[in-house]
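In: Build the 3D model from these lines:
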Amino acid sequence: MQGVKRRVVYVGLYELVAIVLSAILLKLISNADAVNSFGIAVVASAIAILWNLAFNYGFELWEKHRKYQGRSLGIRVLHAVGFEGGLLIFLVPIIAWWLEVGLFQALLMDLGLLVFFLFYTFTFNWVFDAVFGLPAGVAANPVTCS
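Out: So this is what the prediction gives:
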């Protein structure tokens, strides 16, 4: 699976699981009720979808111009950290506003989510690539995880 279809399937699967997990985690790490936790999760998911499309498009363009193709452990870590770091910048103000907390408290909540989602993003990408294969521009001359 390649191109736009790959991105749509990726984002859909990723966000479906992310909404459920982030609603549960937000409820556990904040005083928010289930409705607010779910609401924030849905809004965060919508933002993450847009960021995901933009970030992965740019990341794959960068990958195509690299001398070594494939996704090593280091590239996978770079991808996860880059995506989650960008998402942090977008979500902290929204969490602060929605839950009526200060930016620092919202940052701490988002960092709690970020720690979990770093592992989730890394694992999801690895499994997604194993099931659906690498993007066409990255599949040549693979680099193994070493």
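
In: Tally up the residues packed near Glu63, please.
Out: Per other CB atoms under 10 Å, the neighbour tally for Glu63 reads 19. The C-beta positions use only the backbone N, C-alpha and C, and glycine is treated the same way.

In: Can you say which helix or strand has it in it?
Out: Using DSSP states H and E, Glu63 sits within helix 34-64.

In: same thing with Val77?
Out: Val77 is part of helix 73-99 when elements are defined by DSSP H and E.

In: Next, the buried residues of the helix or strand just after that helix.
Out: Sequence order places helix 103-132 as the next helix or strand after helix 73-99, per DSSP H and E. Neighbour counts over helix 103-132 (16 or more other CB atoms under 10 Å) mark 106-107, 109-110, 113-114, 117-118, 120-122, 124-125, 128-129 as buried.

In: list the buried ones in the very next helix or strand once past helix 103-132?
Out: Heading C-terminal from helix 103-132, the first helix or strand you meet, by DSSP H and E, is helix 136-139. For helix 136-139, a neighbour-count test (16+ other CB under 10 Å) marks Val138 as buried.

In: Tell me where the model's unsure across the chain.
Out: Low-confidence segments of the chain (pLDDT under 70): 139-146.

In: I appreciate the help and will end here.
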